[in-house]
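K.L.:
sequence and predicted structure below; questions after.
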Amino acid sequence: MTLQNYPPTKELQEKDNHFLHPWELMSLVGHNERTIIERAEGVYVYDTDGNRLLDAPAGMWCQQIGHGREEMADAIHEQVMRMTYASPWGLGTAPAAILAEKLGELSPGDLNQVFFSTGGSEAVDSALRFVMFYFNNIGQPDKKHIISRQKAYHGCTYLGSSVSGKERDKSWFDFETGFIHHISDPNPYRRPDGMSVEEFGDFLVEELENKIKELGPDKVAAFIAEPILGAGGVSVPPEGYHRRTWEVCKSYDVLYISDEVVTAFGRLGHWFASKDVFDIEPDIITVAKGITSGYLPMGATLISDRLMSRISGGEENDSVFSCGYTYSGHPVVSAAALKNIEIMERENLLAHVREVGPYMQEKLQELNDIAIVGNVRGKGLMGCVECVIGKDNRDPLTMDYEIGNRIDAHCQALGLLVRPLVNMCVMSPPLIITKAQIDEMVGILRQGIEKAMDDVAREGLWSGPAQIMGGPSVA
């Protein structure tokens, strides 16, 4: 079998049922009929039946430079032929060394130490393990508690999933609860009734400080936060929230981990969102996804020189950071990351995002006139449309999962991939997307939502207005 001679779609779907996919619904194991993507180019993917689909999720938040870049394939091929792999235990490679230095140059503050992994989950897990290692080294072994947030997503390793706060992902696994603590989801749309956005911001900051005091500053090691909650529904916290929580952490000697697995590498129009968008310089930043535009798997944990200087260099310290992966700093993947950064710099993609990002947000806001659209939110090239019972009721429809799946199915039939998250539709298109393609994306999404709304009204699952209902969404 060659790559140009795949079996028919039905046969591929049968083979695919041997693949236990992420977030697999057990009742469907062995009976799925997934769309099989056969090729891709630019912002579009094509299935094995020849249908063209605009890739609004950018794969999984990661396709920054677009699909099918020949020079990326050339860079990968060149490194494969030069040298495929060398053990990171005691050996270095040119691509990994150059990439580590480059990441330090692009990152905010003094985040010049880079620990490579193979994805975002490992990057987060490594960050959390480093935090414990760090406090053990400086003689504060009791500082072990980690504070995270409801609706956060930080990966699927044991520690990463433990600090994640998506309650529906907590149903069937075991998690660490002894030193992991969750405070409120910072989504302004879900703030308490009668509370202004400004008051909600004050509440969130006070809640973090009170949690640190409750646990004891001598016990709290770190606060971990995504600049924008991605898988939690593209939640953009209130203005000033990140700066204020960062200041709280600094005042209590609590390390601030910024999980930029989604937001780094241009998603908000900057290499990193922490400093340029939210005015903070974290102690640790985690990245993955956009670092290679999804061409090859890589994650990285960027660590402050300030932290490293306290636990390294002295002859009296013989501790070993005994954490690492076979493919840490893989030379082929590092070459891909360097080429990805080169393309983004040469094509000025960050400035492009700063131009088209606001346009995408404006176009998405036009969907507010649909009756079941309760909230439209986002920033840069991240967007979410949340569907609810009605403008005055923020409760999801009874069939919350089903509405997302139906919108997804209608959109796909019309030529658009979206990412359904329960009752939400999430978009994060490749950074190369044009305004015309944004119009196409939002136009199809409108049709998909309206068709799904007609479905549930016809089946008696919703009794709201038949099509359009004016008025702004809840802020």
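P.N.:
Yep, it's here.

K.L.:
where do the helices of the stretch 351-475 of the chain begin and end?
P.N.:
Applying DSSP state H, counting those that start in this stretch to the stretch 351-475 of the chain gives helices spanning 400-414, 435-458.

K.L.:
mind putting those helices in TSV, distance to Lys10 included?
P.N.:
Any C-beta I mention is one placed from the backbone N, CA and C, and that applies to glycine too. As requested, the helices of the stretch 351-475 of the chain are exported to TSV (distance: least, C-beta to C-beta, whole Å):
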stretch	distance to Lys10
helix 400-414	18
helix 435-458	25
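
K.L.:
would you turn these into TSV with mean pLDDT and distance to Gly178?
P.N.:
What follows is the helices of the stretch 351-475 of the chain, written out as TSV (pLDDT from 0 to 100; distance: least, C-beta to C-beta, whole Å):
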stretch	mean pLDDT	distance to Gly178
helix 400-414	90	32
helix 435-458	94	42
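
K.L.:
how many neighbours does the closest residue to Phe272 other than its chain neighbours have?
P.N.:
Distance criterion C-beta to C-beta, 6 or more residues apart in numbering; nearest residue to Phe272, sequence neighbours excluded, is Ala264 at 5.1 Å. Neighbourhood size, Ala264 [other C-beta atoms under 10 Å]: 29.

K.L.:
pretty sure Leu208 contacts Ser148?
P.N.:
No - look at Leu208 against Ser148 with C-beta atoms under 8 Å: they stay out of range, at 10.6 Å.

K.L.:
so where is this structure shaky, pLDDT-wise?
P.N.:
1-4, 315-316, 397-399, 460-475 (pLDDT under 70).

K.L.:
domains of it?
P.N.:
Per automatic domain parsing, the structural domains of the chain span 35-65+349-458, 71-346.

K.L.:
and those domains as JSON lines, adding distance to Tyr6?
P.N.:
Shown next, in JSON lines, are the domains of the chain (distance: least, C-beta to C-beta, whole Å):
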{"stretch": "domain 35-65+349-458", "distance to Tyr6": "6"}
{"stretch": "domain 71-346", "distance to Tyr6": "19"}
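
K.L.:
now Met360: closest residue in space that isn't a chain neighbour?
P.N.:
Residue nearest to Met360 in three dimensions, not counting chain neighbours: Ile438, with 4.9 Å by C-beta to C-beta, 6+ apart.

K.L.:
contacting residues for the one you found?
P.N.:
Counting by C-beta atoms under 8 Å, 6 or more residues apart in numbering, Ile438 makes contact with 356, 359-360, 363, 429.

K.L.:
and of the residues you listed, the nearest to Leu296?
P.N.:
Pro429 (20.7 Å; C-beta to C-beta).

K.L.:
and that closest one, what are its phi and psi?
P.N.:
phi -70, psi 160 (degrees, to the nearest 10).

K.L.:
which residues touch it?
P.N.:
43, 54-58, 360, 381, 437-438, 441.

K.L.:
just Val45 next, same as before
P.N.:
Counted by C-beta under 8 Å, 6+ apart, Val45 has contacts 37, 39, 52-53, 55, 67, 417.

K.L.:
can you select the buried ones among those for me in PyMOL?
P.N.:
This is how PyMOL selects the buried members of these, with burial counted by 16 or more other C-beta atoms under 10 Å:
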select buried, resi 37+53+55+67+417
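
K.L.:
that older thread, looking at the helices of the stretch 351-475 of the chain, spot the one closest to Leu103.
P.N.:
Between Leu103 and the helices of the stretch 351-475 of the chain, the shortest gap by C-beta to C-beta is with helix 435-458, which sits at 29.7 Å.

K.L.:
among the contacts of Val45, which pair sits farthest apart?
P.N.:
Maximum distance among the contacts of Val45 (C-beta to C-beta): 14.2 Å, for Arg39 and Leu417.

K.L.:
and Phe265, how many neighbours does it have?
P.N.:
30.

K.L.:
now the common contact residues for Leu208 and Ser148.
P.N.:
Counting by C-beta under 8 Å, 6+ apart, the common neighbours of Leu208 and Ser148 are 183, 223.

K.L.:
so how far is the helix or strand containing Pro95 from its chain's centroid?
P.N.:
Taking DSSP states H and E as the definition, one finds Pro95 inside helix 94-106. With C-alpha atoms, centre = their mean, to the nearest Å as the basis, helix 94-106 stands 22 Å off its chain's centre.

K.L.:
alpha carbons of that helix, in CSV - could you do that?
P.N.:
Presented in CSV, the C-alpha positions along helix 94-106 are these (Å, rounded to 0.1, in the frame of the first residue of the first chain):
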residue,chain,number,x,y,z
ALA,A,94,23.0,21.5,16.7
PRO,A,95,19.2,21.9,16.0
ALA,A,96,18.2,21.5,19.7
ALA,A,97,20.9,23.8,20.9
ILE,A,98,20.0,26.5,18.4
LEU,A,99,16.3,26.2,19.1
ALA,A,100,16.8,26.4,22.9
GLU,A,101,18.7,29.7,22.5
LYS,A,102,16.1,31.0,20.0
LEU,A,103,13.2,30.3,22.4
GLY,A,104,15.1,32.2,25.1
GLU,A,105,15.4,35.2,22.8
LEU,A,106,11.7,35.1,21.9
